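no FASTA, just this:
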């Protein structure tokens, strides 16, 4: 059976630089009836386990290590035996949330993850966070962008570990080069497409945020 994409929204908080905000997060499950991966284990491990429905979890993949994207990762990994995968450049952020726990494996640019016979290519897309990655599944016509690219613009870069020119470079060079029909599945909010976002690049640069 071909891999499919399932969507779960979980609710909690995001904390950084002394502030805390209420957030809704997109959790993405990619797999078939037998096995799956979870992209961004946010807030509620029990809800994610319920959505998995007993399927073998092969990996907990972190697009970046802001606490709202990784706060349920250890509990989900412990419940399933799945490894937590994170880009090494986001270890400083990870340690803010899980100081006594290390990820089980690293994500690297160009790495290929395979689930249910479907490949996902890791694209290092820093800017929102140093180790932010996107996951491109060409066979599914989709890219999982975490908080790098949203419907309507780039992710926030006003807090520690982030950098606006870097996120613009990542989006322009790594994401907007994908086919325009590629569905963009984001860390928060609605999906979009590469074709819908590409014409706005110059406007984002002018806004500078």
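It's in. This structure is a prediction, so every number in the text was calculated from the model and none was measured.

Give the residue spans of this protein that score low on pLDDT.
In the prediction, the chain carries residues with pLDDT under 70 at positions 1, 209.

Under a three-state scheme, what state does residue 75 occupy?
Secondary structure, DSSP: H, G, I helix; E, B strand; the rest coil: residue 75 is helix.

That one touches residue 43, doesn't it?
No: contact criterion Cβ atoms under 8 Å: residue 75 and residue 43 do not qualify, at 10.3 Å. (Each C-beta comes from the backbone N, C-alpha and C, glycine too.)

okay, now residue 88: neighbour count?
Residue 88 has 13 neighbouring residues, counting by other Cβ atoms under 10 Å.

Then residue 67?
Counted with other Cβ under 10 Å, residue 67 comes out at 20.

Spit out the contact partners of it.
Neighbouring residues of residue 67 by Cβ atoms under 8 Å, 6 or more residues apart in numbering: 13-16, 96-97.

so how far is residue 114 from it?
To residue 114, residue 67 is 29 Å away according to Cβ to Cβ, to the nearest Å.

Please apply the same query to residue 160.
Going from residue 160 to residue 114 by Cβ to Cβ gives 34 Å.

And the strands in this structure?
4-16, 19-31, 35-39, 56-61, 84-87, 105-107, 112-115, 118-124, 133-137, 142-146, 149-150, 153-154, 183-186, 192-193 (DSSP state E).

now the first one and strand 133-137, what's the angle there?
Looking back up the chat, that one is strand 4-16. Interaxial angle of strand 4-16 relative to strand 133-137 (axes from the mean of the first three to the mean of the last three Cα atoms, to 10 degrees): 170 degrees.

The second one too?
Using the same axes, to 10 degrees, the direction of strand 19-31 lies 20 degrees away from that of strand 133-137.

helices or strands up against strand 19-31?
Strand 19-31 makes packing contacts with strand 4-16, strand 35-39, helix 45-52, helix 67-70, strand 183-186 when contacts are defined by 3 or more Cβ pairs under 8 Å, 6 or more residues apart in numbering; DSSP states H and E.

so which of the strands of the chain gets nearest residue 176?
strand 149-150 (8.6 Å; Cβ to Cβ).
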